[in-house]
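Asker: Curious how this folds, go ahead:
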Amino acid sequence: MRKISTIVAILAALCILPKAMAAMTTPFEKPKATRFGKASWYSQRSPGIKSRTANNEIFNEDAMTCAIWGVGFNKRIRVTNMTNGKTLVVRVNDRGPHKRYVQKGRVIDLTKAAFEKLNASKQGIIEVKLEFL
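Answerer: Sure, this is the predicted structure:
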């Protein structure tokens with residue numbers, strides 16, 4: 001009886017395992033070449049920000065990095081401020097913005113330093129164009 005239950009458990013695992021492996025190894029969707037939306041910024045003092053990013057780097061608000069969903073880590077994105085035309089290239093090392101903000105049109109969170117290079121004013125959200133390099 002014990003042998004039969006072991007065989008059943010192994011067979012069940014073999015049926016589930018391929019689906020689980022496919023979910024873990026599915027590559028990110030290739031993002032559209034250009035995306036438009038809103039950008040905000042985050043820093044070490046922002047609520048809920050941890051000392052490490054989603055790819056386990058130490059968070060550095062002075063780096064030219066960003067948080068975005070659906071784009072692989074270390075990919076580069078050219079971000080253009082649609083108001084003043086300033087452009088900057090950032091590297092993906094985190095996930096965000098929070099889902100409730102994505103529903104409101106926010107597409108990317110920039111580090112404080114990256115956001116300040118694009119926007120000299122005290123405005124916290126700007127309209128941007130993203131180009132995936």
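Asker: can we go C-alpha only for contacts and neighbour counts from here?
Answerer: Noted.
Asker: Contacts only, for residue 34.
Answerer: Going by CA atoms under 8 Å, 6 or more residues apart in numbering, residue 34 touches 129-132.
Asker: Tell me which stretches of this protein form strands.
Answerer: Counting by DSSP state E, the segments of the chain that form strands are 34-42, 65-67, 76-81, 87-94, 106-111, 126-132.
Asker: Would you format those as a markdown table with distance to residue 56 included?
Answerer: A markdown table is the format used below for the strands of the chain (distance: least, CA to CA, whole Å):
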| stretch | distance to residue 56 |
| --- | --- |
| strand 34-42 | 17 |
| strand 65-67 | 13 |
| strand 76-81 | 18 |
| strand 87-94 | 8 |
| strand 106-111 | 16 |
| strand 126-132 | 22 |
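Asker: now for these, which one comes closest to residue 55?
Answerer: Closest to residue 55 of those, according to CA to CA: strand 87-94, at 5.8 Å.
Asker: tell me what the closest one is packed against?
Answerer: Counting contacts by 3 or more CA pairs under 8 Å, 6 or more residues apart in numbering; DSSP states H and E, strand 87-94 is packed against strand 65-67, strand 76-81, helix 112-118.
Asker: so where's this protein shaky on pLDDT?
Answerer: 1-32, 44, 46-49, 100, 103 (pLDDT under 70).
Asker: how near is the residue nearest to the spatial centre of it to residue 132?
Answerer: Centre of the chain computed as the mean C-alpha position; nearest residue by CA atoms, centre = their mean is residue 68, 2.5 Å away. Residue 68 sits 12 Å away from residue 132, going by CA to CA, to the nearest Å.
Asker: measure residue 82 to residue 128 for me?
Answerer: To residue 128, residue 82 is 5 Å away according to CA to CA.
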